[in-house]
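**Student:** Sequence and predicted structure, then a few things I'm wondering about:
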Amino acid sequence: MVMHLLVYLPLLFPVPAALAARPLADRLEPRLATWILTASALALAGLSCAALGVLAVAGMVRLPLAAYVGHWSASTVRKGDPVSTIEAVAAAAVLAAAAGAGVRMLWRRMRALAAAAFEAACLPGRGQLVVVDDAVPDAYALPGLPGRIVVSTGMLDALDPADREAMLAHERTHLTCHHYAFVAVAHLAAAVNPLLRPVATTVAYTVERWADERAAAVCGDRRQVARAVGKAALATAHGPARRRLPDAVLGLLGRRRGSLAAAGPVPRRVAALLTEPTIPSTTLGVPLLPLAGAASVVGSSALCAFAAAHDLHLLLELAGA
């Protein structure tokens, strides 16, 4: 039966997406890469759940009670249904685990966003920029209503005026472009399907590159932004440990907090800023290949899930005839 072959493919399509995530991040304009990776991760996670649902339903329709309620022949379903009971039970268990992981991740992200909004509202002053008297070098954006940019005096002391301009432009981009939403969606997809974790990690990187490029456009000097990122990383590495912040925080050094080794792929960002910028995504023909690749992976996954569901529908129609 076609369903038995196709229904498993949506569970495997996240693998090529995970393998292609880093090359796409390195070769595409960061904003385009972020959109492609986030949308693909969300679609592939949903389609893998749909495939698991088809497998679980294929096992459930064999039950006498289901046949009685659905008015079909249980014996006809058993003869035509290639999905074994073990497969159906395993699929149902995996689907329940994926749904539970997704709900937990969604709850964590909602709590993190609420915590960030509360902290932003409690900060002194009404302006977007808040300077806190703290020797620990730190700079980050807090999403909220309104969002705030928090910079410590330790970070200001580590940067010269040009570096500060680059840093503030970077943090403003995080707020105005709603980067936290992209990161949250990618991590939600990875929670549902762990094969997508490399994609989520890459999205956390591409939003930083997006902010870097926007800061470079504002400052008019890519090397200045690279110096600001490098100086901030060095200041953080040699300074005392930073306090725990909400998961919704995005900053000059990425979401991870701690030593330079854990501050995210800073060397890759600096190297990208020291090279020629990627051709903008609006240039005719540039995004066609990655867009076609992403569309083919997501489209193939959707086609397989739909074909498996349609095949099961035909079987039930035959059993009910």
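**Tutor:** Sure thing, it's come through. Since this is a predicted model, take the numbers as computed values, not measurements.

**Student:** Against residue 130, how distant is the residue most central in space within the chain?
**Tutor:** For the chain, the residue lying nearest the average C-alpha position, counting by CA atoms, centre = their mean, turns out to be residue 186 (1.6 Å). In this view, residue 186 and residue 130 are 28 Å apart by CB to CB, to the nearest Å. No exception for glycine: its C-beta is placed from N, CA and C like everyone else's.

**Student:** Equivalent analysis for residue 84, please.
**Tutor:** Distance, residue 84 to residue 130, using CB to CB: 60 Å.

**Student:** cool, and residue 250?
**Tutor:** From residue 250 across to residue 130, the span is 15 Å (CB to CB).

**Student:** which of these two has more neighbours?
**Tutor:** residue 250 (26 against 16; other CB atoms under 10 Å).

**Student:** for that one, what are its contacts?
**Tutor:** Neighbouring residues of residue 250 by CB atoms under 8 Å, 6 or more residues apart in numbering: 140, 141, 143, 171, 174, 179, 180, 183, 207, 208, 211.

**Student:** any chance of the residues you listed in JSON lines, with pLDDT and secondary structure too?
**Tutor:** Below are those laid out as JSON lines (pLDDT from 0 to 100; DSSP: H, G, I helix; E, B strand; the rest coil):
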{"residue": "140", "pLDDT": "89", "secondary structure": "strand"}
{"residue": "141", "pLDDT": "89", "secondary structure": "strand"}
{"residue": "143", "pLDDT": "88", "secondary structure": "coil"}
{"residue": "171", "pLDDT": "92", "secondary structure": "helix"}
{"residue": "174", "pLDDT": "93", "secondary structure": "helix"}
{"residue": "179", "pLDDT": "93", "secondary structure": "helix"}
{"residue": "180", "pLDDT": "92", "secondary structure": "helix"}
{"residue": "183", "pLDDT": "93", "secondary structure": "helix"}
{"residue": "207", "pLDDT": "94", "secondary structure": "helix"}
{"residue": "208", "pLDDT": "93", "secondary structure": "helix"}
{"residue": "211", "pLDDT": "94", "secondary structure": "helix"}
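
**Student:** ok, the residues you listed vs residue 100, which is closest?
**Tutor:** residue 183 (21.2 Å; CB to CB).

**Student:** State the distance from that closest one to residue 119.
**Tutor:** Using CB to CB, residue 183 is found at 18 Å from residue 119.

**Student:** So for those two, which sits in the more crowded spot?
**Tutor:** Under the criterion of other CB under 10 Å, the comparison of residue 183 against residue 119 puts residue 183 first, with 25 against 17.
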